[in-house]
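J.: Fold the following, please.
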Amino acid sequence: MALNLDARQRAMLEAMGITVWLPEPVEPAATAAVAAIAAAPSPVAESVAAPAMRTAPPAPVSPPVAQAAAPAAEAAPAPVQPPAQTARPASPPPQNLSGHRAHEPRQFVQQPAAGPAGEPGLGWTISPAQLVYPHAPQHVHSAEQGGWLILLEPAANPPLLSPAQRPAADSAQTALQGDAAKLLDNMLRALGLQEKPRVFSAALHRAPPDADLSHAQALQPALETLLRELRPDCVLVLGLASARAVLGRHDALGRLRAEPHHIAGVPTVVTYDPNYLLRAPQAKAGAWADLVQADAFTKGL
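T.: Numbers count the residues shown, from 1 in each chain. Prediction:
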C-alpha cells in the first residue's frame, strides 16, 4: 500500500524520529522508453507468424492402428489375461446300486456255513467222541454223566508236523494241531480240566464244495444222539462255521456268543476258534470269558 505524504507530513515524521523510505522518482524519459519497448511487436513472434499466414500446414495423417500399437507393445507388454473358465455342468450323483438308503450303513451279510440253499449243518458229519485228557485220574465211583463236550472243526489241509511239534501224551488230545492245539490245551488247563475225567471232544467235518448234497443228512440228529450217550453238563463250540452247523443258524459270531443256547436240553456256549485267536490275540479275553461261563454250567452255578 502506497503512502501519499506531503512535505509537511514527512517533516513531522522526521521530527518524531520515524524514517520514511520512499522510492526514488522515475525520470520522464525512462518512463517513455519502457512504454515504447512494451508496445513494439516481438521479432520472434513475427518470424513464426509469417510462415503460418502464408501457407497452411497439411493435415496430420494418423498412422495405421497396427503400426501404432506395435511400439506400445514393445515398450510395455500387456499382461496376459487367463482364459475365461466356462462353467462345467455338474456331474450327476452316483447311483445307489446297493439298494440301501444313503444315510443307512451298508449291512454285511454273513454267508451260510455250508449246504445248498443256505441250510446250515447240511452235509456235515461228526466223528466219535474221544477223551481230551485220557491220563486224567479216573475215580472209582465216577459218574456216568456230566463234564464237557468240545466241538471243533479241524483244518482242511493240516501241515505236516514233526514229532517234536505234535501234542505230548499228557496234553489235550483233539483234532487240532500245532500252536492251535497248544493254545487250547493252555486254556483248558487254566480251568483245571486236565484233572477232570469227563472232558470229551468231537471233530466236525463239512462236505467238499463239489459234493452232491441232494441226499445228505443234517448234523443235528447225529449230534443229539451223541449227547444222549455222553450226557455232558455243557457243550463248547469252537468257531463260527461249527456254531452255525451245530445251531442251524446264519447269525454272526458275536450274536451267537452273546445268546444262550441249548442242544437237546444241554447248555451250549459258543466261542472263538483257537486258530483265529492266534491271528487276533486281542480276542483271547473274550474267549476266556466264554470258557468261564461254560465252566459255571458244569458246577451248577
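J.: which residue sits closest to Gly147, ignoring its sequence neighbours?
T.: Nearest non-adjacent residue to Gly147, counting by Cβ to Cβ, 6 or more residues apart in numbering: Arg198, 2.8 Å away. (C-beta placed from N, C-alpha, C; glycine too.)
J.: Tell me the pLDDT of the one you found.
T.: Arg198 carries a pLDDT value of 92.
J.: Over to the closest residue to Leu151 other than its chain neighbours. Which of the three states is it?
T.: Distance criterion Cβ to Cβ, 6+ apart; nearest residue to Leu151, sequence neighbours excluded, is Val237 at 4.9 Å. Here Val237 is strand, with the state taken from DSSP: H, G, I helix; E, B strand; the rest coil.
J.: how much space between Val237 and Leu183?
T.: Separation of Val237 from Leu183 (Cβ to Cβ, to the nearest Å) stands at 16 Å.
J.: of those two, who's got more company?
T.: Under the criterion of other Cβ atoms under 10 Å, the comparison of Val237 against Leu183 puts Val237 first, with 29 against 19.
J.: what's across from the more buried one in the sheet?
T.: On the basis of DSSP bridges, Val237 is bridged to Leu151, Val270.
J.: separation between it and Ala168?
T.: Going from Val237 to Ala168 by Cβ to Cβ gives 25 Å.
J.: Pretty sure the residue nearest to Leu151 sits against Thr268.
T.: Yes: using Cβ atoms under 8 Å, Val237 is in contact with Thr268, at 6.3 Å.
J.: Need the residues touching each of the two.
T.: Counting by Cβ atoms under 8 Å, 6 or more residues apart in numbering, the shared contacts of Val237 and Thr268 are Val246, Leu247.
J.: residue contacts, Ala287?
T.: Residues in contact with Ala287 (Cβ under 8 Å, 6+ apart) are Met187, Thr271, Tyr272, Leu277.
J.: switch the cut-off to 6 Å
T.: By Cβ atoms under 6 Å, 6 or more residues apart in numbering, Ala287 lies in contact with Thr271, Tyr272, Leu277.
J.: which of these tops the neighbour count?
T.: Counting neighbours by other Cβ under 10 Å, the top entry in those is Thr271, with 26 neighbours.
J.: can you give me the strands for the stretch 201-301 of the chain?
T.: Shown for the stretch 201-301 of the chain, the strands assigned by DSSP state E, counting those that start in this stretch span residues 234-238, 261-263, 266-271.
J.: Quick check: pLDDT value at Ile150.
T.: In this model, Ile150 carries a pLDDT of 97.
J.: burial of it, as a residue count?
T.: Here the number of neighbours of Ile150 (other Cβ under 10 Å) works out to 26.
J.: measure it to Pro137 for me?
T.: Taking Cβ to Cβ, one finds Ile150 at 20 Å from Pro137.
J.: who's in contact with stretch 292-301?
T.: Here stretch 292-301 makes contact (Cβ under 6 Å, 6+ apart) with Leu191, Asp233, Cys234, Leu236, Pro267, Val269.
J.: Please list all residues in contact with the second one.
T.: In this case it means Asp233. Applying Cβ under 6 Å, 6+ apart, we find Asp233 in contact with Gly146, Phe297, Thr298.
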